[in-house]
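>>> Kindly generate the corresponding structure for this input.
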Amino acid sequence: MTVRIFDTDHHITPTKDFWTSRMGKKYGDMAPHVVDLPNGSEAWSFEGGAVLHLIGLENVGGNNPRNSSWKFRYENTSPSFYDPKERIKSMDIDGIDVALFFPSVAGHTSAIQDDDLYRECVRVYNDAAWDWAQAGDPKRMFPVAMMPNRDIEWAMDELKRVAKKGFIHYQFNGAPSGNETISQADDPFWATVQETGLVLTMHGSGGSGKKRHPAGTVLKPRPPADTAVPPVRDQEMIAAMRAAGLGAQIGLGQLLMNGVLERFPNLKISLVETSAGWLPGYLEQLDLVYQRERWSAGESNLKMLPSEYAKKVLISVDREIQGIKYRYQIGVDNLTFGSDYPHIGNFWPHTRFYVDLLFNGVPEDEKEKILWSNAAKFYGVSYPN
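Below you'll find the model as predicted:
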């Protein structure tokens, strides 16, 4: 039996004019744009070059891993990374029916110092990502909306705007109020999320607060001979840490321990590119800590254990066996699958083969839930006809 695949983790490599074509002359070189580096690579420039971001290891696809490098030029890479129609073709080759789409570059807008520029970059990304998916196949491509996290009114305005536009999920990025940690000051935002029905998707490291970098920060500067270690190892370590839930544990723990799901029981939370095998042990520790220290919580005491609230949360399996091995502890109905295309670690064009290996011995009804129906029901997506 051929099982449908709802891939919860694809990424958009933005076209060179993703921002510049929509931001006009007001922002000039301050708008995100592509620049040439002395080593022959291209890089994304944010806020006039205050932050430079190379994307070679975020655009791997099916390339030979022996040639892994941060160096990148658009003309030398697969159009399927940035062209939505070509992406549909690559999904067909890989046997992917539907996918959620996350940023590859846009996360670095959080480093922008100027608040007006930051807010505009987030808004423009959402419009561009929406248009990108519409140009591909809107029945198969579902981009995530970014949210500003420096002012709760900004966040609520943008949430309402993207919900009206048709987005089905937004990317969690810490406390929308701009505080360092989640608190009841964020409740008006969670209430709005619950009202719109959008899924709160926590991707990768999850986000745990404001992330402005000091002025002059340069992210991932790479020497010309950057095919050698350790630079490539940096990204491999990031991938491995995300697969261990690092980062996502902070955001998820704040949501659970601060009673967000108690106050907003219809809030839908989904973890993507986090792997899942770590979750049972993590929730066990949350429960133990909560039971021991709950007396200090006063009126904010929870009515259930943190792990009981987590029964509503979806979490994806990607480059791991443990998530499948512990599927009964996690909950078969709580698991989804993501490939992380075209980032390092994806299995394109052999995802179906990898899935067969990963799900060897798993009953067909459980396989169908994890690969398709759990995500489809949660995100409200129908099979594209």
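
>>> my read: Tyr326 touches Trp278, true?
No. Contact between Tyr326 and Trp278 fails when scored by CB atoms under 8 Å: they sit 9.2 Å apart. In short, each C-beta sits where N, CA and C put it, glycine included.

>>> Among the two, which residue is more densely surrounded?
Neighbour totals were compared for Tyr326 and Trp278, and Trp278 leads with 21 against 17 (other CB atoms under 10 Å).

>>> Do a quick rundown of the strands in the chain.
Under the criterion DSSP state E, strands of the chain are mapped to 6-12, 33-36, 42-46, 51-53, 98-103, 141-143, 169-171, 199-203, 269-272, 314-317, 335-337.

>>> worst average pLDDT in the ones you listed?
Of all the strands of the chain, strand 51-53 carries the lowest average pLDDT, namely a mean of 85.

>>> How far does it sit from its chain's centre?
Counting by CA atoms, centre = their mean, to the nearest Å, strand 51-53 is centred 19 Å from the centre of its parent chain.

>>> Mind putting the strands of the chain into JSON lines with mean neighbour count and distance to Trp190?
As requested, the strands of the chain are exported to JSON lines (neighbours: other CB atoms under 10 Å; distance: least, CB to CB, whole Å):
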{"stretch": "strand 6-12", "mean neighbour count": "26", "distance to Trp190": "22"}
{"stretch": "strand 33-36", "mean neighbour count": "15", "distance to Trp190": "35"}
{"stretch": "strand 42-46", "mean neighbour count": "24", "distance to Trp190": "29"}
{"stretch": "strand 51-53", "mean neighbour count": "21", "distance to Trp190": "30"}
{"stretch": "strand 98-103", "mean neighbour count": "24", "distance to Trp190": "21"}
{"stretch": "strand 141-143", "mean neighbour count": "25", "distance to Trp190": "22"}
{"stretch": "strand 169-171", "mean neighbour count": "23", "distance to Trp190": "12"}
{"stretch": "strand 199-203", "mean neighbour count": "25", "distance to Trp190": "8"}
{"stretch": "strand 269-272", "mean neighbour count": "26", "distance to Trp190": "10"}
{"stretch": "strand 314-317", "mean neighbour count": "26", "distance to Trp190": "17"}
{"stretch": "strand 335-337", "mean neighbour count": "26", "distance to Trp190": "22"}
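
>>> Among those, which comes closest to Glu75?
strand 42-46 (9.1 Å; CB to CB).

>>> elements contacting that closest one?
strand 33-36, strand 51-53 (3 or more CB pairs under 8 Å, 6 or more residues apart in numbering; DSSP states H and E).

>>> Need those in CSV (columns: distance to Gly361).
Below are the helices and strands packed on strand 42-46 laid out as CSV (distance: least, CB to CB, whole Å):
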stretch, distance to Gly361
strand 33-36, 47
strand 51-53, 42
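
>>> Determine which of those strands approaches Gly197 most closely.
strand 51-53 (33.0 Å).

>>> Nearest to Ile250 among the strands of the chain would be which one?
The nearest among these, by CB to CB, is strand 199-203 at 10.1 Å.
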